[in-house]
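# heads up, no residue letters with this:
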């Protein structure tokens, strides 16, 4: 379980039966949070030096997808750098063509960033930082085409683990979650299939969301699930519990979604009907979880739950 996080953003549940509930302050980051941004969404947040830092997807007014660093004292009010991240790129590695949908995790001695990197098509970019000021890119983790790369917060069985969703060049009308393993965070193999969509709300495709949360019972993974309606894709999010020692084995899942696009800022935007979780802050002693998610591919939002409430919604496979 995660350590104590006394300044975790938190609002009490509006009713005793709620499993997940939205912040009353949503959207917490507007689409014009930087002078050049068209939208700010699908972004990753972590505790940092007693406050919070993150990597944010900011699509600019040319509609180019770029990653920006940002900081907050309370996890709700954010200052996002006006300039995109400038990666230190090793010799022989091509710099990113674009970047979107990042995740950030503290792993051993630094923060690692995974994102959808433009490299002859979408693939999983991998880099690291210690201060959210200087960022160094390493080798792309996987070949195109791939999205939703999510690292585990510690090695399992002596290997680093990465979740991903193989895809295509476009707005993929399919997708399942796979796991890859590495001894050095450069060479990835020993691939394992994890899961596909089982329910109507996730029947078109699924993908990993925030960094998995370690609990006594297993790895708690929030994921997005997409159905295709007569009006296009509809994004939801749910959860699964993965085995602690063999995380490609799914022990339980939520048969019903935990959240669907029901608020106006989730239904109306550049891409209607999207709730897309990318980060989760946790406080081990209380079991509280704050989930950051994108609304309608336009704004950044915040929701709350607890480990026990999510566990109560899980059902064995």
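Nice, thanks for sending it over. What you see is a predicted model, and the numbers here were worked out from it, not measured in a lab.

# quick one: the strands in the stretch 151-300 of the chain?
Assigned by DSSP state E, counting those that start in this stretch, the strands in the stretch 151-300 of the chain fall at 160-166, 177-182, 188-195, 205-208, 213-214, 219-229, 232-242, 250-253, 275-283, 288-295, 299-306.

# ok, residues contacting the fifth one?
Taking contacts as CB atoms under 8 Å, 6 or more residues apart in numbering, the residues outside strand 213-214 that touch it are 1-2, 153-154, 219-221, 244, 280, 282, 289, 307. Every residue, glycine included, has its C-beta placed from N, CA and C.

# Swap in 10 Å and give it another go.
For strand 213-214, contacts defined as CB atoms under 10 Å, 6 or more residues apart in numbering pick out 1-2, 152-154, 156, 219-222, 239, 241, 244, 280-282, 284, 289, 307, 310.

# List only buried entries from these.
The neighbour-count test (16 or more other CB atoms under 10 Å) marks 2, 152-153, 156, 219-222, 239, 241, 280-282, 289, 307, 310 as buried among the contacts of strand 213-214.

# Which residue is the nearest non-sequential neighbour of residue 119?
Spatial nearest neighbour of residue 119, chain neighbours left out: residue 140 (5.5 Å); criterion: CB to CB, 6 or more residues apart in numbering.

# ok, now which ones touch the one you found?
Contacts of residue 140 (CB under 10 Å, 6+ apart): 93-94, 96, 117, 119-120, 123-126, 146, 149, 186, 188.

# What number of residues are in the vicinity of residue 149?
Counted by other CB atoms under 10 Å, the residues lying close to residue 149 total 27.

# Quickly find the element holding it.
strand 146-151 (DSSP states H and E).

# How about residue 309?
Under the assignment here (DSSP H and E), residue 309 is part of helix 307-313.

# Helix or strand next in line after that helix, which one?
Downstream of helix 307-313 (by DSSP H and E), the next one is strand 315-316.

# I appreciate the help and will end here.
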